[in-house]
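> below are the sequence and a predicted model; questions follow.
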Amino acid sequence: MSYRIAEVAELVGVPATTLRYYEDIGLIAQPARGGNGYRSYDDADLARLRFITATKNLGIPLTDVAELAKAYDVEDCSTVAHQVVEMVARRLAETQTRIGELVALAAQLQTVSARLADAPTSGPCGDGCPCATAAPAPLADRRTFVPLTRGPVVAEPGAHVIACSLDAGSVPDRVADWQALVARAVSREPITGGVALQFVASPELVAELARLAAAEQDCCTFFTFTLTMTTGQVRLEVQAPDSAADVVAAMFGTAA
């Protein structure tokens, strides 16, 4: 069966301009052309383009995708799959490094925000004002790695595993849920191993705090949540091992 470029673009899920770009850089060969001069693709072209698109969507660089495409043309499936696994492993390591860096940066930004909130309301800026001194030292190599895995995580006896079993696609929504809830806190204070948030109590708020805390503890077992209700108030304590301090600060803020 033959396909026009617009049909292939729709079936593969990329713009026609991307297909032309792949031709320009030699990632795919120039397709045959019909008597009317239009590009004509066959089922083999379509299958190859689907493979290229799938590997590209994993974040694998085009140079590596080109190597995989060459293997796809001549190697058996198990050999190609092994190469993809190796590239995915490298991509995963790079992604976890970036997550660690972003978590550490988010924790520092939380600290800076808290310090700047105490800035005086009058007077000029100077050497000692929070605007100039709130920022901490440059990021050191103290990244917190939070592997995202559904498999069992084995720790040394007595050690804490800083890991999350939530699938990567659900992480942004979970973080957004926590940020929306944390923004409703009326006060916060440091506690051993974490932070305590105070809220004005309501049935809806208590239910949401309990739901999120239970969901978070289910996928991130290194967290400890304590929910205390008194007349008109509810207190949420979030604690974690010292090695996860950056994660606590990034998700729940700091009391500094």
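Yep, it's here. Numbers count the residues shown, from 1 in each chain.
> all the helices of the stretch 51-200 of the chain, residue numbers only.
For the stretch 51-200 of the chain, the helices defined by DSSP state H, counting those that start in this stretch occupy 62-74, 77-116, 130-133, 171-182.
> in CSV: those helices, plus mean pLDDT and distance to Ala196.
Where C-beta positions appear, they are placed from N, C-alpha and C, glycine not excepted. Below are the helices of the stretch 51-200 of the chain laid out as CSV (pLDDT from 0 to 100; distance: least, Cβ to Cβ, whole Å):
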stretch, mean pLDDT, distance to Ala196
helix 62-74, 89, 47
helix 77-116, 75, 14
helix 130-133, 67, 24
helix 171-182, 82, 12
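> now those helices as TSV including distance to Val206?
Formatted as TSV, the helices of the stretch 51-200 of the chain follow (distance: least, Cβ to Cβ, whole Å):
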stretch	distance to Val206
helix 62-74	50
helix 77-116	25
helix 130-133	35
helix 171-182	11
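> how many residues are close by the residue nearest to Leu209 when sequence neighbours are not counted?
Distance criterion Cβ to Cβ, 6 or more residues apart in numbering; nearest residue to Leu209, sequence neighbours excluded, is Leu236 at 5.6 Å. Here the count is done by other Cβ atoms under 10 Å, and Leu236 has 24 residues near it.
> what's opposite Leu236 in the beta bridge?
Beta bridges link Leu236 to Leu197, Leu227 when assigned by DSSP bridges.
> touching, it and Phe225? I think so.
Yes: at 6.7 Å, Leu236 counts as touching Phe225 under the criterion of Cβ atoms under 8 Å.
> could you tell me which residues touch both of these two?
Ala213 (Cβ atoms under 8 Å, 6 or more residues apart in numbering).
> low pLDDT regions in this protein?
96-97, 99-108, 110-111, 114-115, 118-121, 127-128, 130, 132-161, 167-169, 255-256 (pLDDT under 70).
> pull the number of nearby residues for the residue lying closest to Arg91 once chain neighbours are set aside.
Leaving aside its chain neighbours, Arg91 sits nearest to Gly59 (5.3 Å; criterion: Cβ to Cβ, 6+ apart). As a burial measure, Gly59 scores 12 neighbours (other Cβ under 10 Å).
> who touches stretch 51-63?
12-14, 22, 25, 27-28, 65, 68-69, 72, 84, 87-88, 91, 95.
> of all the residues you listed, which two lie farthest apart?
Ile28 and Thr95 (27.0 Å; Cβ to Cβ).
> higher neighbour count, the two?
Ile28 (19 against 13).
> can you tell me the element that one falls in?
Assigned by DSSP states H and E, Ile28 belongs to no helix or strand.
> please name the nearest non-neighbouring residue to it.
Sequence neighbours aside, Tyr22 is the residue nearest to Ile28 in space, at 4.6 Å (criterion: Cβ to Cβ, 6+ apart).
> looks to me like the one you found is in a helix.
Yes: per DSSP: H, G, I helix; E, B strand; the rest coil, Tyr22 lies within a helix segment.
> for it, what are its contacts?
Contacts of Tyr22 by Cβ under 8 Å, 6+ apart are Ile28, Leu49, Ile52.
> can you list these in TSV and add distance to Thr18?
As requested, these are arranged in TSV below (distance: Cβ to Cβ, whole Å):
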residue	distance to Thr18
Ile28	10
Leu49	10
Ile52	10
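> which of those lies closest to Ser78?
The closest of the contacts of Tyr22, once distances to Ser78 are taken by Cβ to Cβ, is Ile52, at 19.1 Å.
> quick check: that closest one vs Cys77, distance?
Computed as Cβ to Cβ, to the nearest Å, the Ile52 to Cys77 distance reads 15 Å.
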